[in-house]
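# Fold the stuff below for me.
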Amino acid sequence: MNRLRTTILIFALGLSLPAFAGGIPAKLYKNPSCGCCGEYTKYLESHGYQVEVIPTRDMTAIKKTNKVPQPLEACHTTLISGYVFEGHVPVETINRVLKEHPIIRGVSVPGMPAGSPGMTGVKRGPLDVYYLSNSPEPKVYESR
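All right, here's what the predicted structure looks like:
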């Protein structure tokens, strides 16, 4: 009986790790020559997302179509469940947005901050994640 209970517990714990994403499809638009976008794709996949990578040489058009303000642009744009996730957004933030369904267009981690998901280097302080909005001043959604 203990063996059965242990087996069930191990199985349940193993399922719960990436289970939140549960194969949620994601479309990641990136420049074909960008290496960190590939690392970010692996990061999302390791958390259970099904990522379709769409290489494009016209990232400007992708940003414009998805209304990403220039100060909040990053190297790649990911679309998940109607939301825009710009740049190296932590999966905890993505999961929060998908769980809470806020009335926003999406969120952004502008640039390519060292130590952010998919980026090499050492993280220096909290990682600010910004709302994607029409506001002239970027507003922080959360810091991680």
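# Name the next helix or strand following the helix or strand of the chain with the lowest mean pLDDT along the chain.
Sorted by mean pLDDT, DSSP states H and E, the helices and strands of the chain end with helix 2-16, the least confident at a mean of 43. Per DSSP states H and E, helix 2-16 leads on to strand 25-30 as the next helix or strand towards the C-terminus.
# for that next one, packing partners?
Applying 3 or more Cβ pairs under 8 Å, 6 or more residues apart in numbering; DSSP states H and E, one finds that strand 25-30 makes contact with helix 36-46, strand 50-55, helix 59-65, strand 76-80. Every residue, glycine included, has its C-beta placed from N, CA and C.
# got the buried residues for stretch 87-100?
Residues 87-91, 93-95, 97-98 are the ones in stretch 87-100 that count as buried (16 or more other Cβ atoms under 10 Å).
# got the CA positions of that stretch in CSV?
The C-alpha coordinates for stretch 87-100 follow below in CSV (Å, rounded to 0.1, in the frame of the first residue of the first chain):
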residue,chain,number,x,y,z
GLY,A,87,10.8,40.3,-24.6
HIS,A,88,12.1,38.1,-21.8
VAL,A,89,9.0,38.0,-19.7
PRO,A,90,9.3,35.6,-16.7
VAL,A,91,6.9,32.6,-17.0
GLU,A,92,5.5,33.5,-13.5
THR,A,93,4.3,36.8,-15.0
ILE,A,94,2.8,35.1,-18.1
ASN,A,95,1.0,32.6,-15.8
ARG,A,96,-0.3,35.4,-13.7
VAL,A,97,-1.7,37.3,-16.7
LEU,A,98,-3.3,34.1,-18.1
LYS,A,99,-4.8,33.2,-14.7
GLU,A,100,-6.1,36.7,-13.8
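# Spit out the contact partners of the most centrally placed residue in the chain.
For the chain, the residue sitting closest to the mean C-alpha position, by Cα atoms, centre = their mean, is V89 at 4.1 Å. Applying Cβ atoms under 8 Å, 6 or more residues apart in numbering, one finds that V89 lies in contact with 78, 107-109, 117, 129.
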